[in-house]
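Colleague: this is the structure alone, sequence omitted:
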């Protein structure tokens, strides 16, 4: 038997030719590229509307390109292919957003915005304002993909991390040490006084709207930075502007805002202790690269017969 | 025997009263505070000029506050106290500088300076410029305290790290995985083409002057950031300004410059892809906090009879 016949054949669709990054990912995962009819797996980079009505009987597994797959349920894709395992891209895009959150937090804590504006060697003016995450407590509200990706980035900086989730069940995962505290969301009110910095990474729901408002901001420290990489509605913008203007907190680093887009002339564009990036923590070229990494990892697992990442649970609907 | 008699007595000098942060550090290390005459160890936060000519015979160990201890050799302190072990603060101050380097690198790679200046929701303009360290190769020139502290901060971001030292002997230490490559300095020329970003963290010597000049900059990528947290002289400033102005590299993040202080109106203050902070990566309040952490760790080791950190080798002179 030739080597190519021993290697697992994987198809990529729907774009012809497929993105080179995805071809590379399949090969790096240890499989070979094949046409759909001759493949055991399909890596799909399009939407549910373009998805084939029928798949060849040889297809055992389909990798989807999205983290949230509500549309795929709505389109009936899973019901139509009952014998096929589907995996989503859940978790694949979290790392870039977490990296952005870390950047905003470090830039704030180390007083970068004022230093950039100064354009002058004002060492003695800046010294007292340059902080560090070492020994500081960072509370991450929301322990989904982004929160869990951020924890291993914060720990080597010497920060103490508190992860807030719904249940309070200890957050675990690769690179998450036992020293990380997990606190249930209904205890969040008790955390503010011992929180140095907050990263908001929770989903936007009725329950999380204005999770951070005037009361919460008043209980943080004058050196606290508030970072939001989730949804603008989780923070009460008016209360935040008031706290920033009064120096009640150190500053805010926001990749998402309410309203969004943030209109020109808004106070958040002008306040010296606010950093706003226009929801660009995960731009298209980084999304494709992250999807390719995910594909490569899952192809390797498929080839080895190991458990796949982000397997869709069709019964439970996610 | 009362508990206080079982606990190791440690003195702090010369300031009276001692800095509360140092008192706390001694207690956290598991020792108790004592006068010099009744102590087994001395934590010293002053200079060599104020150091006692004679120490009580009960003193077994002295913790010094400096990382470089040439002055203490010159003052004859070690020769005068042959039966006493001395430890320096070597390594204690590296983490803050490493954190600053990470901040400069992330701010650059994620295009923060332009985004701050824009003060407008220009998402589509920024998307193509927002990068990530994931999958990128970061070459750290110099694997001393700062370089070794930076490695564990970069690894969880998915960066591949190349550490450059004199010998090429593999760099090891807490949080440094086997995936880190170590390359000897005389092979540096071969690294530029596969380097995405450079962090300069080497000592300033005749051999390292203008380590990064026009040739090296020409071999980096148009998206490469060059970070310097060591000494300004390691980079040829004129060549750097030319490369930045031409867009030959992505940008430069500099906590040290040549000349230093950087005069008002210098091109590095004006170039949009240069970030300059005025040598404030390790300001006084962070130095004291870092020294306290070091004291706490070493007191705990002394109490437990374990090996002390940064033990001075009097024979070898460091």
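Modeller: Happy to help now that I have it. What you see is a predicted model, and the numbers here were worked out from it, not measured in a lab. Numbers count the residues shown, from 1 in each chain, chains lettered A, B, ... in the order given.
Colleague: so which residues on the stretch 51-200 of chain A come close to chain B?
Modeller: A:95-96, A:99-100, A:102-103, A:106-107, A:110, A:112-113, A:115-116, A:119-123, A:126-128, A:130-135, A:152-153, A:155-158, A:175 (Cβ under 8 Å from any Cβ of the partner chain). To be clear about C-beta, it is placed using only N, CA and C from the backbone, and glycine gets the same treatment.
Colleague: name the residues that touch the biggest helix by length in chain A?
Modeller: Using DSSP state H to define each element, chain A has its longest helix at helix A:284-304. Helix A:284-304 has contacts (Cβ atoms under 8 Å, 6 or more residues apart in numbering or on different chains) with A:7-8, A:10, A:19, A:21-22, A:24-26, A:28-31, A:40-41, A:43, A:45, A:61, A:63, A:65, A:87, A:89, A:91-93, A:95-96, A:282, A:306-310, B:127-128, B:130-132, B:134-135.
Colleague: just the buried residues of those.
Modeller: Buried positions within the contacts of helix A:284-304, assessed by neighbour count (16 or more other Cβ atoms under 10 Å in any protein chain shown), are A:8, A:10, A:21-22, A:25-26, A:29-31, A:40-41, A:43, A:45, A:61, A:63, A:65, A:87, A:89, A:91-93, A:95-96, A:282, A:308-310, B:127, B:130-132, B:134.
Colleague: among those residues, which are in strands?
Modeller: A:10, A:41, A:43, A:61, A:63, A:87 (DSSP state E).
Colleague: the fourth one against residue A:81, yeah?
Modeller: This points to residue A:61. No: assessed by Cβ atoms under 8 Å, residue A:61 is found out of contact with residue A:81, at 10.6 Å.
Colleague: pLDDT of stretch A:52-67, averaged?
Modeller: Mean per-residue pLDDT for stretch A:52-67: 96.
Colleague: mind listing what's buried along it?
Modeller: Those would be A:52, A:55, A:59, A:61, A:62, A:63, A:64, A:65, A:66, A:67, for stretch A:52-67 by 16+ other Cβ under 10 Å.
Colleague: quick check, nearest of those residues to chain B?
Modeller: Closest to chain B out of these is residue A:67 (16.2 Å), distances taken as Cβ to the nearest Cβ.
Colleague: now do the contacts for the closest one.
Modeller: Residues in contact with residue A:67, defined by Cβ under 8 Å, 6+ apart, are A:88, A:89, A:90, A:91, A:92, A:93, A:145.
Colleague: just residue A:87 next, same as before
Modeller: Contacts for residue A:87 (Cβ under 8 Å, 6+ apart) come out as A:61, A:62, A:63, A:64, A:298, A:308, A:309, A:310, A:311, A:312.
Colleague: check these and tell me the two furthest apart.
Modeller: Pairwise distances among these were taken by Cβ to Cβ; the largest, 13.5 Å, belongs to A:62 and A:309.
Colleague: relative to chain B, how far out is the spatially closest residue to residue A:194 that is not a sequence neighbour?
Modeller: Once flanking residues are discounted, residue A:194 sits nearest to residue A:137: 5.9 Å by Cβ to Cβ, 6 or more residues apart in numbering or on different chains. Residue A:137 is 14 Å from chain B, where distance means Cβ to the nearest Cβ, to the nearest Å.
Colleague: surely residue A:137 touches residue A:160?
Modeller: Yes: Residue A:137 is within contact range of residue A:160, at 4.6 Å (criterion: Cβ under 8 Å).
Colleague: now residue A:22: how far from residue A:313?
Modeller: Using Cβ to Cβ, to the nearest Å, residue A:22 is found at 25 Å from residue A:313.
Colleague: repeat that for residue A:273.
Modeller: According to Cβ to Cβ, residue A:273 stands 44 Å off from residue A:313.
Colleague: same thing with residue A:189?
Modeller: Using Cβ to Cβ, residue A:189 is found at 33 Å from residue A:313.
Colleague: same question for residue A:163.
Modeller: As for residue A:163, its distance to residue A:313 is 23 Å (criterion: Cβ to Cβ).
Colleague: looking at those two, which is more packed in?
Modeller: Using other Cβ atoms under 10 Å in any protein chain shown as the criterion, residue A:163 and residue A:313 rank with residue A:163 on top: 24 against 9.
Colleague: the more buried one: what's it in contact with?
Modeller: Counting by Cβ under 8 Å, 6+ apart, residue A:163 touches A:140, A:143, A:147, A:148, A:151, A:171, A:180, A:181, A:182, A:183.
Colleague: how about it, secondary structure?
Modeller: strand (DSSP: H, G, I helix; E, B strand; the rest coil).
Colleague: and it, what are its bridge partners?
Modeller: Judged by DSSP bridges, the bridge partners of residue A:163 are residue A:140, residue A:182.
Colleague: for residue A:138, the count of nearby residues, please.
Modeller: With other Cβ under 10 Å as criterion, residue A:138 counts 26.
Colleague: okay, the residue nearest to the spatial centre of chain A and residue A:293: tell me how far apart.
Modeller: Geometric centre of chain A, nearest residue: residue A:94, 2.5 Å, by Cα atoms, centre = their mean. Distance of residue A:94 to residue A:293, given as Cβ to Cβ: 12 Å.
Colleague: can you pull the residues that touch both of the two?
Modeller: Taking Cβ under 8 Å, 6+ apart as the contact rule, residue A:94 and residue A:293 touch no residue in common.
Colleague: so where's the stretch 201-318 of chain A uncertain?
Modeller: The model of the stretch 201-318 of chain A has pLDDT under 70 over residues A:317-318.
Colleague: same thing but at 90, please
Modeller: Residue ranges of the stretch 201-318 of chain A with pLDDT under 90: A:203-207, A:313-318.
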